[in-house]
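Novice: Based on what follows, work out the 3D shape:
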Amino acid sequence: MTTRARILNGFAILVVAAAMTLSFAANAGSHHGDKHHGKGKHKRHKPPTFAEVDANSDGFIVAEELYQMHGKRMAARAAEGRKLKNARTPDFEKIDQDGDGKLTAEEFAAHQAECRYAKRPD
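Specialist: Residues are numbered from 1 along each chain as shown. I've put the predicted structure just below:
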């Protein structure tokens, strides 16, 4: 390798190292660079309560209310730079066990319990 090639190679290594340092500094404290995910500056999001989803407080959740709450939660996570876990839209028809077009507190609680159980490690 010629002297010029060695100098260019060394310079390229320095540029990559500087870029990595800047990238690390920009992400410092975020969940991407934090070994203790969930213990850093981002708070863990708890599942929404029935009352939070029932926007009009009529004692039932209709599809529009469920989808609006889901969209708000995903937008908040995206704004924080978080991964969009569970970004898929909930299947209202599956959650609505009796098929009446509205969720009761019991149907909503059953859905949340099912989600928690599905996330458990074996």
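Novice: and after the helix or strand bottoming out on mean pLDDT in the chain, which helix or strand comes next?
Specialist: Ranked by mean pLDDT, DSSP states H and E, the helix or strand of the chain with the weakest confidence is helix 3-27, at a mean of 52. Per DSSP states H and E, the first helix or strand lying C-terminal to helix 3-27 is helix 50-53.
Novice: That next one - contacts with which helices or strands?
Specialist: helix 63-79, helix 105-119 (3 or more C-beta pairs under 8 Å, 6 or more residues apart in numbering; DSSP states H and E). Every residue, glycine included, has its C-beta placed from N, CA and C.
Novice: Next, the buried residues of the last one.
Specialist: Residues of helix 105-119 classed as buried by neighbour count (16 or more other C-beta atoms under 10 Å): 107-108, 111.
Novice: Quick one: end-to-end distance for stretch 83-93.
Specialist: 26 Å (C-alpha to C-alpha, to the nearest Å).
Novice: Then stretch 80-93?
Specialist: Distance between the two ends of stretch 80-93: 30 Å, counting by C-alpha to C-alpha.
Novice: What residues of it count as buried?
Specialist: Neighbour counts over stretch 80-93 (16+ other C-beta under 10 Å) mark 82, 92 as buried.
Novice: so Phe92 sits right up against Ala63, yeah?
Specialist: Yes. Using C-beta atoms under 8 Å, Phe92 is in contact with Ala63, at 4.3 Å.
Novice: now the buried residues of helix 105-119 as TSV including distance to Ser57?
Specialist: Output for the buried residues of helix 105-119, formatted as TSV (distance: C-beta to C-beta, whole Å):
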residue	distance to Ser57
Glu107	17
Phe108	14
His111	19
